[in-house]
Structures are given as C-alpha cells and as structure tokens.
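> A structural model of the following input is requested.
(one chain, ligands or ions: 2)
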Amino acid sequence: MNRPFGMLAELTYACPLHCPYCSNPLNLADYHEELTMAEWQRVLTEARALGVLQLHLSGGEPLQRRDLVELVASARELGLYTNLITSALGLSPRRAEQLKTAGLDHVQISIQADEPALSDRIAGTPSYGRKIAAVRLVKELGWPLTLNVVLHRHNIDRIGRILDLAEELGADRIELANTQYYGWAWHNRAALLPSRAQLDQAEAVVRTARQRLERKMQIIYVIPDYYSQYPKPCMGGWGQQQLTVTPNGDVLPCPAAHTLKLPRATVREHSLAWIWEESPLFQRFRGTEWMPEPCRICERREVDFGGCRCQAFQLTGDAARTDPVCHLSPDHRVVAEAVEAANAGAEPIAPGRLVPRTSTARRVETMEVYLPARKSRRFSHRYDACQDDKNSDYYSPTDSLESPGDVP
Ligand code: SF4
Ligand code: SF4
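Ligands and ions are numbered 1, 2, ... in the order given. Predicted structure coming up:
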C-alpha cells in the first residue's frame with residue numbers, strides 16, 4: 001500500500017473573506033469543536049510516522065488560529081516541509097517574523113483579481129490592500145512565494161493583468177486554477193462557469209506569458225474540467241498520496257469527501273495509521289476493483305482513476321459512477337448541458353447571481369453582481385434562506401492546459 005506524501009491540515013473554517021467559490025463545507029457550524037494544539041501535535045507526529053513529508057496549513061484562514069506559530073514549530077521539529085495557504089489577512093509583520101523564526105518554509109497567498117474594487121467585491125470584504133502589503137512582506141522575509149488565483153467568469157478576462165501584477169510583485173510561482181464546482185461554487189456554477197471564448201483567450205495569454213517569463217516565474221494553469229475530454233486524476237487516486245484533516249479531526253481522502261455518504265473516520269477515535277490503512281472510508285475507492293463500466297475496461301483507468309468521486313456524487317447522486325466530465329460517461333450530458341448554458345447568449349459575461357460563503361448555514365446572503373466593470377456596475381445584497389445543508393468541497397486539481405497545480 002502507498003504511503004501518504006502530503007497532508008492538508010484544515011486548521012479552522014473561520015475566515016474573514018466570503019469568496020463565492022469557497023471550498024469549505026456549507027455546514028460550517030458543525031466544525032466549531034476544533035482540534036486542540038495537543039491533538040494537532042499528535043496528528044502531526046502520526047502523520048510523519050506514516051510517511052508524510054509535506055504539510056499544507058490551510059482553512060478557512062489558518063492565521064485565525066492563535067497557536068499557528070507553535071504548530072509550525074512542532075512540524076519543523078518533526079522534519080515536515082510546511083506550506084501556509086492563506087488569504088493573508090492577519091499576516092502582520094510581527095506574526096510573519098514569528099512564523100519565519102518557527103521555520104515556516106513556503107507561503108501561498110490568494111488574490112481575487114488584479115485591481116482593488118473587483119478583488120474586494122469577489123472576496124466580499126475590503127482586503128486587496130492588505131493582501132498586497134502581505135505579499136511584499138513575504139518577499140522581504142525571503143520566503144518563496146506562490147500566488148493563488150481562482151479563475152471564473154468574472155476575472156478570467158483579466159488574466160494578462162493578473163500575470164503582470166504577479167510579475168511586479170516578484171512571485172516565484174502563480175497558480176491560475178479555474179473553479180472546481182462543488183459546494184459554494186456549485187451553488188454559483190451558472191454565474192462562475194466561463195465561456196469557451198473566454199477560455200480560449202485566457203489560454204493564449206498564458207502561453208505567451210509562459211514564454212516571456214520562462215526563467216522568472218512558474219505559471220500553473222488549470223482549466224475547468226467541464227471543458228476537458230477526460231476527468232482529472234483526483235488526488236492522484238483515492239487514498240494513494242494525500243490525506244486531509246478537517247478542523248474537528250475528520251480524516252478524508254480528499255477535501256470534498258465529507259459530501260459522500262461514507263462512514264466517518266476521525267483522529268479523535270482512531271490513529272491516523274488505522275484510518276489510512278484500514279478504515280472503510282479510505283478503502284472504499286482505493287485501486288480499480290470498485291470501478292463501473294466503462295472505466296473497468298478503459299485503458300485510462302490507472303491514469304485518471306475514473307475521475308472525481310465527489311463530482312460523480314454531486315452530478316449523479318452515486319459516488320461509484322464514472323465522473324460525468326468524461327466524454328465516455330453515460331451521464332456526460334449533465335456536464336454538456338452546463339457548458340452549453342455557459343456559452344449561450346451574445347454577452348461574453350452575463351449578469352450573475354453569486355452566493356458568497358457565510359459563516360452561518362441558516363441564512364445565506366446573496367449578492368447580484370453585474371460585470372464587466374466597463375459596463376454599468378450594480379452591486380446589491382439580498383438575503384435568502386439557504387435550505388441546502390449538503391457540504392461543499394475543497395479542491396483537487398489535476399487537469400490543466402499543460403501542467404497541474406493546486407489551490408486552497
Ligand atoms: S476561499 Fe475565500 S472564503 Fe474560502 S477559506 Fe479561502 S479566503 Fe476564505
Ligand atoms: S471511462 Fe473512466 S477510466 Fe476511462 S477515461 Fe473515462 S473516467 Fe477515465
């Protein structure tokens with residue numbers, strides 16, 4: 001059996017931002033009983049013993065954990081490579097110095113767009129200025145810096161200017177990952193899914209930028225898998241390389257797997273080794289034995305592993321079906337219809353109704369945005385009850401124009 005190489009530690013789902021594509025669960029209130037520092041230290045020790053080398057500290061916003069510096073120091077002592085995935089809100093000069101001293105190895109900062117008004121509107125809170133200040137701080141302290149940008153219908157046309165900003169800020173790497181449609185993004189899919197014309201234009205810009213910036217900045221570009229012929233090899237296979245620990249101690253093969261109707265596995269009841277090796281959750285879709293037709297006889301079955309189990313469940317109600325993104329899937333029409341809808345109409349960017357992530361599952365604030373900025377902008381808030389208590393997802397990219405990447 002493979003050993004896990006990387007662990008995503010979702011330290012808290014608290015976050016000051018309200019991104020409408022957020023991968024956190026919709027039922028955030030169920031995750032308030034967060035692991036203590038002592039519990040996290042035990043989990044890290046067990047993870048290292050299990051073979052984990054890379055620790056990705058994420059959330060929510062991991063800087064909301066006051067004991068983050070202590071956690072980084074513990075990870076460093078265990079020999080783990082630590083990567084902080086953050087919105088950067090809360091990264092004060094003092095906190096940054098402490099994290100540096102504790103041994104933090106790498107920082108990824110998300111930005112929503114290249115200009116303040118749009119960035120703040122997508123984030124649902126004024127944040128652009130603080131993000132840029134934090135980026136400069138990260139560079140000053142000598143960390144390797146990755147910028148994460150989640151792409152969608154409302155910012156993909158600005159990809160050239162986003163790349164210019166990344167170059168100006170001195171990013172070592174930028175991950176331009178199109179939205180994955182689970183959870184909050186699933187609710188907003190009609191407003192977020194770009195058109196084919198937008199994607200074509202973005203890909204041309206990325207190709208040119210890659211040539212120009214070849215020696216300066218690594219550019220990762222992940223296309224939306226709805227436009228792919230084949231699905232992404234989700235997480236490099238179920239229970240093969242990665243695991244996720246949620247704020248309350250649940251362990252998952254991928255960050256979205258809490259959406260599936262499978263037995264729970266938690267570090268509050270079991271060791272990480274038992275969960276990885278023996279739990280029904282990690283066994284369920286490991287390997288190829290579980291596969292249905294057409295995956296069972298397909299030559300790509302050990303390339304993409306039948307695609308994403310969470311997407312299959314999201315789109316068909318059955319996690320054991322072929323990912324409908326695959327053009328060979330009997331359910332592919334559900335993806336084709338969404339793509340057709342995204343390309344219908346003359347307007348390249350239609351008005352969209354976005355549901356921003358909130359911290360309450362009972363009431364979801366809905367906002368209407370009218371973009372692009374060149375046209376008249378309306379920005380209003382309405383309040384609707386959100387009855388959907390299904391969870392959302394995180395993200396597990398793999399399919400890309402030329403290379404894969406990942407994002408919080
Ligand atoms: S996607 Fe946005 S709202 Fe969600 S955790 Fe990240 S920064 Fe916060
Ligand atoms: S049929 Fe299954 S294994 Fe083959 S390409 Fe499609 S999803 Fe992948």
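
> and the spatially closest residue to residue 10 that is not a sequence neighbour, what does it touch?
Residue nearest to residue 10 in three dimensions, not counting chain neighbours: residue 246, with 5.1 Å by Cβ to Cβ, 6 or more residues apart in numbering. Where C-beta positions appear, they are placed from N, C-alpha and C, glycine not excepted. Contact analysis of residue 246 by Cβ atoms under 8 Å, 6 or more residues apart in numbering lists 10, 31, 252, 258.

> what do you get if the cut-off is 7 Å, keeping everything else the same?
When contacts are counted by Cβ atoms under 7 Å, 6 or more residues apart in numbering, residue 246 touches 10, 31, 252.

> and the last one, bridged to which residues?
In this case it means residue 252. For residue 252, the residues forming beta bridges with it (DSSP bridges) are residue 244.

> didn't it look like it was pressed against residue 244?
Yes: Residue 252 lies in contact with residue 244 (Cβ atoms under 7 Å); the separation is 4.5 Å.

> between these two, who's got more neighbours?
residue 252 (27 against 23; other Cβ atoms under 10 Å).

> Look at the closest residue to residue 195 other than its chain neighbours and say how many residues are nearby.
Spatial nearest neighbour of residue 195, excluding adjacent residues (Cβ to Cβ, 6+ apart): residue 343 at 5.0 Å. Look at residue 343: counted by other Cβ under 10 Å, it has 14 neighbours.

> Relative to residue 87, how far out is the closest residue to ligand 1 within the stretch 251-400 of the chain?
Using Cβ to the nearest ligand atom, the single residue of the stretch 251-400 of the chain nearest to ligand 1 is residue 357, 4.6 Å away. With the distance defined as Cβ to Cβ, to the nearest Å, residue 357 ends up 12 Å from residue 87.

> and the residue nearest to residue 54 when sequence neighbours are not counted, what does it touch?
Distances taken as Cβ to Cβ, 6+ apart place residue 6 nearest to residue 54, at 4.2 Å, with adjacent residues excluded. Residue 6 makes contacts with 52, 54, 56, 241-242, as judged by Cβ under 7 Å, 6+ apart.

> And residue 99, by the same measure?
Contacts of residue 99 by Cβ under 7 Å, 6+ apart are 69, 72.

> mind checking pLDDT for it?
Looking at residue 99, its pLDDT is 98.

> And for residue 394?
In this model, residue 394 carries a pLDDT of 26.

> re earlier: tell me the least confident of the contacts of residue 246?
Within those, lowest confidence goes to residue 31 (89).

> if we look at whichever strand or helix holds residue 138, which residues are touching it?
Secondary structure from DSSP states H and E places residue 138 in helix 128-140. Here helix 128-140 makes contact (Cβ under 7 Å, 6+ apart) with 88-89, 91, 93, 96, 107, 109, 111, 116, 119-120, 145, 169-170.

> Could you restrict these to the ones contacting ligand 1?
Near ligand 1, judged by Cβ under 6 Å from any ligand atom, there are no entries from the contacts of helix 128-140.

> ok, residue 241 to residue 51 distance?
10 Å.

> again with residue 191
On the measure of Cβ to Cβ, residue 191 and residue 51 end up 41 Å apart.
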